[in-house]
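Participant: Sequence and predicted structure below; questions after.
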Amino acid sequence: MAKFNFTKILSILTITFIPNTIFSAEQIDPIKVDWSFKGLTGKFDRASLQRGFQVYKEVCSSCHSMQYLSYRNLGEPGGPEFSEAEVKAIAASIEIEDGPDSQGEMFTRPGRPSDKFKSPYPNVNASIAANGGAYPPDMSVLVKARPGGSNYIYSVLVGYEDPPAGMELDDGVYYNKYMIGNKIKMSSPLSEGIVEYADGTEASVNQMAKDVTTFLSWAAEPELEERHRTGVKVIIYLILLTVLVYLSMKKIWSRIDSEI
Amino acid sequence: MSKEEKNVNRRDFLFTASYTVGAVGLGAVVWPLIDQMNPDKAQQALATTEVDISNVEPGKSITVLWRGKPVFLKRRTPDEIAEARAVSMDDLPDPQKDEERVKEGKDEWLVMLGVCTHLGCVPLKDKGDYKGWFCPCHGSHYDVSGRIRKGPAPKNMEIPKFEFVDNNTIKIG
Amino acid sequence: MSEHEYKPKSKAGKWFNDRLPLLTLGAHLTDYPTPKNLNYWWTFGGILTFCLLTQIITGIVLAMHYVAHADLAFASVEHIMRDVNYGWLIRYIHSNGASMFFLAVYIHIFRSLFYGSYKSPREVIWIIGLMIYLLMMAAAFMGYVLPWGQMSFWGATVITNLFSAIPLVGDSITTWLWGAYSVDNPTLNRFFSLHYLIPFLILGLVVLHIWALHVPGNNNPVGIDIKKPSKDTVPFHPYITIKDTFALLLFMIVFAGFVFFTPNVLGHSDNYIPANPLVTPAHIVPEWYLLPFYAILRSVPDKLGGVILMFGAIFILFVLPWLDTSKVRSAVFRPIYRQFYWIFVIDVLMLGYMGAMPAEGIYLVLARVGTVYYFLHFIVVMPLVGLFEKTDPIPMSISEPVLTGGGAEPSLAKKDNGKI
């Protein structure tokens, strides 16, 4: 007898939602990287986060803003966890405009940990004008704003190639294997040894791409480690309570079932 | 113990355990809902304020905003300091020496939160019976050291954490 | 409603109860006779109550930190995610909670469709339920606009433009909805206000929904009327409360899985790009729970026609109790309807899938077929099957086997009893 049952629904769901390939007509799937922060108990690699911040600071930040982060975030748990002194030094190395002072004038002062990351341009229009008509997107939540997430960002960073034969590219447009539409207005930002890592890690393009993507993933989801930790606890708790309630339910209903 | 009783015991244990574990979970859920109203991380990290005091004449005061509250910075004259120190502790509802309210060697500078300790109004300067401050809301009188002398306020005005960066700059916070 | 008069034990209780019979109400809810053969598909009423309360509580909290201004909304959401204590947790519960709410409501609706819970004497319960569903869609849509990302902005643009299909006054209505000449800050402000209001309207309707339910009592998997209280019923507490709690906990495990481990999988990544009136995203899709209706909208090549059909797809549900001509409630005893029921389920799922795909080629064709079938199911299948179908024998009571022998399994009633 057909009943309103779960297996039936599951099988219908599986048939209905067969994996689709419509969007991948021109563009290939991003490279799958084995990130340390994926999975139920995933955590960020601190050293990689710190190196990634260096890449962001020395390479990306000349065009890309990161306006929702503050320097203090760099020292918070679950992030790159720079020491308090390091955070202060990082902040102090940036000139921040403040004011107005008692005379009504704006002035600059060294940054403090409570300041937001300084944007390279005063506003969006200025950034578009300075970058040949393309807006370098704010990087605060960039990883969450792209369908492939971390894998996609990493893939684009390492996906620069010569265009296939017959493809004409305008000036200031570059070919990228993984970019949606394959055309990108940012020239390949990373090149061998463009930064010098303090910890002696070799600054290969792949290494830098991995580090900076890790950093951007943290920037987009600074709560990730706490979220994973809390999640594991919550689920264990719920399972425990479910078992207790299940046994209680059996007990209570046994009063009825025995009558039948 | 009969089988029946054993059953009853197990049932009681089960129900007690379920209720207890459920209550613990409920408590754990309530905390984030309460804590979200506490000052957030941006508030906690709020910047310190640096004040340029080079233009303040003796006997004058300036007011700056720090953490959303006014801070009075008063450069006192030698007479005022002497007067503040001459007061007997017995006359004070909240006894505190003037020396404890200023930085040593910088006796002329009184830096305090300009908030009446009664119900949070901002007292008016150079008013009241003690030549200090007077709170218009409910009539509290403070002296030149910011100590409560008369009225409903229970405490002296609070001294925030501050330091002299150099002779012309005070950092509050 | 209650068969027996409730008498408070204490004097104070009696004094209060004479003036406001809250204790009588409490006793009624506790003792409410419920069919004992309800299966787990019946636990979604309780789960939905949980969903509504969760959304209201987390929503009130979020409103303490959110700023409804076009220039600040996106930043305030980031502020919640980064700085507010547990802000990320509360926001992820709220955003995933919307999806869980719809998941539960769809199971609840399809349960009703299978067991004929919409039929006499429960038509009013059904209609109030549909009103709740409509308000849920309005609340969800306006809530999705609040983060002011790209999908927020363009979703708001597309949905509000539906009203411009109305002849003569359409454009004026759309402008009036916007409070501007496009979706803009005034739109965001009023959406926030209404988004805060609607859940409380829903709460009021839920009270009516349950009140209307308690008049005839619950339907049950066998679909027959039962005497209450009788051997076929159990008091709501503790039997149903404990069972609902157990089902709710299982539901919460799934819910927690989304919140803690894939909090953004049900959303769209474009909504993490701030709203930009100059650029439309390549693929605008609504949230998953609205996709079937979106597919119906797009399958019509005429603007007004598409809008009419989309709203028609919902409003036809309001007259369903009168389109269904069968005397038998539960599909368990309706062999023909049962087949059509599953075809209808597949049709709605397929429409949902087509709604997520680009409206072109084979997808468009399938969406059109699905749309036609959707309406055929209600206008043709429901009345005709009810008239011509030979139903299986129905048991006299849920504790007793089938009266007349024949094809049905006599063990059915027993089997359902055994299940808790």
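Facilitator: Yep, it's here.
Participant: For the rest of this, base every contact and every neighbour count on C-alpha atoms.
Facilitator: Noted.
Participant: Could you list the low-pLDDT ranges of the stretch 151-260 of chain A?
Facilitator: A:257-260 (pLDDT under 70).
Participant: Try it again at 50.
Facilitator: The model of the stretch 151-260 of chain A has pLDDT under 50 over residues A:260.
Participant: all helices for it, in order.
Facilitator: For the stretch 151-260 of chain A, helices defined by DSSP state H, counting those that start in this stretch occupy the ranges A:205-220, A:224-257.
Participant: Specify the angle between the last one and helix A:205-220 in degrees.
Facilitator: Regarding helix A:224-257 and helix A:205-220, their directions subtend 60 degrees when assessed with axes from the mean of the first three to the mean of the last three CA atoms, to 10 degrees.
Participant: Tell me, domain by domain, which residues of chain A belong where.
Facilitator: Following automatic domain parsing, one gets these domains for chain A: A:30-69+A:116-222, A:225-260.
Participant: List the buried residues for the shortest one?
Facilitator: In other words, domain A:225-260. Within domain A:225-260, the residues scored as buried using 16 or more other CA atoms under 10 Å in any protein chain shown are A:225-228, A:231-232, A:234-235, A:237-238, A:241-242, A:244-253, A:256.
Participant: Check the burial of whatever residue of chain A ends up closest to chain C by counting its neighbours.
Facilitator: The minimum distance from chain A to chain C, using CA to the nearest CA, falls at residue A:145 (4.4 Å). Close neighbours of residue A:145, defined as other CA atoms under 10 Å in any protein chain shown, add up to 19.
Participant: what do you get for residue A:127?
Facilitator: By the measure other CA under 10 Å, the count of residues near residue A:127 is 21.
Participant: There's contact between it and residue A:138 in this structure, I believe.
Facilitator: No. Contact criterion CA atoms under 8 Å: residue A:127 and residue A:138 do not qualify, at 10.4 Å.
Participant: Spatially central residue for chain C, please.
Facilitator: residue C:105 (3.0 Å; CA atoms, centre = their mean).
Participant: Let's see the pLDDT reported for that one.
Facilitator: Per-residue pLDDT puts residue C:105 at 98.
Participant: for residue B:156, same thing?
Facilitator: pLDDT, residue B:156: 94.
Participant: where's residue C:220 relative to chain A, distance?
Facilitator: 13 Å (CA to the nearest CA, to the nearest Å).
Participant: Excluding sequence neighbours, find me the nearest residue to that residue.
Facilitator: residue C:38 (5.6 Å; CA to CA, 6 or more residues apart in numbering or on different chains).
Participant: Same question for residue A:119.
Facilitator: Using CA to CA, 6+ apart, the closest residue to residue A:119 is residue A:65 (4.6 Å).
Participant: how deep is that neighbour tucked in, by neighbour count?
Facilitator: 23.
Participant: what about it, is that helix, strand or coil?
Facilitator: coil (DSSP: H, G, I helix; E, B strand; the rest coil).
Participant: what sits against it?
Facilitator: By CA atoms under 8 Å, 6 or more residues apart in numbering or on different chains, the contact set of residue A:65 is A:117-121, A:137-140.
Participant: which of the residues you listed count as buried?
Facilitator: Members of the contacts of residue A:65 classed as buried by 16+ other CA under 10 Å are A:117-120, A:137-140.
Participant: For those, give me JSON lines that also has distance to residue B:131, pLDDT and secondary structure.
Facilitator: Conversion of the buried ones among the contacts of residue A:65 to JSON lines gives the following (distance: CA to CA, whole Å; pLDDT from 0 to 100; DSSP: H, G, I helix; E, B strand; the rest coil):
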{"residue": "A:117", "distance to residue B:131": "47", "pLDDT": "96", "secondary structure": "coil"}
{"residue": "A:118", "distance to residue B:131": "47", "pLDDT": "95", "secondary structure": "coil"}
{"residue": "A:119", "distance to residue B:131": "49", "pLDDT": "95", "secondary structure": "coil"}
{"residue": "A:120", "distance to residue B:131": "52", "pLDDT": "95", "secondary structure": "coil"}
{"residue": "A:137", "distance to residue B:131": "59", "pLDDT": "94", "secondary structure": "coil"}
{"residue": "A:138", "distance to residue B:131": "55", "pLDDT": "95", "secondary structure": "coil"}
{"residue": "A:139", "distance to residue B:131": "56", "pLDDT": "96", "secondary structure": "coil"}
{"residue": "A:140", "distance to residue B:131": "54", "pLDDT": "96", "secondary structure": "coil"}
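Participant: which stretch of helix or strand covers residue B:51?
Facilitator: strand B:49-52 (DSSP states H and E).
Participant: and if you look at residue B:132?
Facilitator: Applying DSSP H and E, one finds residue B:132 within strand B:131-135.
Participant: what's that strand in contact with?
Facilitator: Residues contacting strand B:131-135 (CA under 8 Å, 6+ apart): B:116, B:121-128, B:140-146.
Participant: Tell me where chain B has helices.
Facilitator: B:3-35, B:41-44, B:78-86 (DSSP state H).
Participant: Can you say which of those is nearest to chain C?
Facilitator: Of these, nearest to chain C by CA to the nearest CA is helix B:41-44, at 4.8 Å.
Participant: which parts of the closest one are buried?
Facilitator: Neighbour-count burial for helix B:41-44 [16+ other CA under 10 Å]: B:41-42.
Participant: what distance separates it from the middle of the whole chain?
Facilitator: 17 Å (CA atoms, centre = their mean, to the nearest Å).
Participant: same deal with stretch C:129-136?
Facilitator: Counting by CA atoms, centre = their mean, stretch C:129-136 comes out at 7 Å from the chain centroid.
Participant: So what's the model's average confidence on it?
Facilitator: Rounded mean pLDDT across stretch C:129-136 is 98.
Participant: Now do the buried residues in it.
Facilitator: Under the neighbour-count criterion of 16+ other CA under 10 Å, stretch C:129-136 has C:129-133, C:135-136 buried.
Participant: List the contacts of it.
Facilitator: Residues from elsewhere that reach stretch C:129-136 (CA under 8 Å, 6+ apart): C:105, C:198-199, C:202, C:205-206, C:209, C:317-318.
Participant: change it to 6 Å
Facilitator: Under the contact criterion CA atoms under 6 Å, 6 or more residues apart in numbering or on different chains, stretch C:129-136 has outside partners residue C:202.
Participant: what does chain A put close to chain B?
Facilitator: Within chain A, the positions lying close to chain B (CA under 6 Å from any CA of the partner chain) are A:114, A:244, A:248.
Participant: Kindly report the same for chain C.
Facilitator: C:83-86.
Participant: just checking: which of these also lie near chain A?
Facilitator: By CA under 6 Å from any CA, no member of the residues of chain C next to chain B lies near chain A.
Participant: any idea which of those has the most stuff around it?
Facilitator: residue C:84 leads these on contacts (other CA under 10 Å) with 24 neighbours.
Participant: pLDDT-wise, which helix or strand of chain B ranks last?
Facilitator: Least confident helix or strand, chain B: strand B:49-52 with a mean of 82, by mean pLDDT, DSSP states H and E.
Participant: residue ranges with poor pLDDT in chain C?
Facilitator: C:1-3, C:402-420.
Participant: what about 70?
Facilitator: C:1-4, C:400-420.
Participant: Where do the strands of it begin and end?
Facilitator: C:33-35, C:233-235 (DSSP state E).
Participant: Please identify the most buried of those strands.
Facilitator: strand C:33-35 (a mean of 25; mean count of other CA atoms under 10 Å in any protein chain shown).
Participant: And chain A, is that strand touching that?
Facilitator: No. Judged by CA under 6 Å from any CA, strand C:33-35 and chain A are separated, with a smallest distance of 12.0 Å.
Participant: So which other helices or strands are in contact with that strand?
Facilitator: strand C:233-235 (3 or more CA pairs under 6 Å, 6 or more residues apart in numbering or on different chains; DSSP states H and E).
Participant: Partner strands of the strand it packs on and their direction?
Facilitator: Note on strand C:233-235: by DSSP bridges, its sheet partners are strand C:33-35 (antiparallel).
Participant: ok, and what's touching the strand it pairs with?
Facilitator: Contacts of strand C:33-35 (CA under 6 Å, 6+ apart): C:229, C:232-236.
Participant: Fine by me, we can end here.
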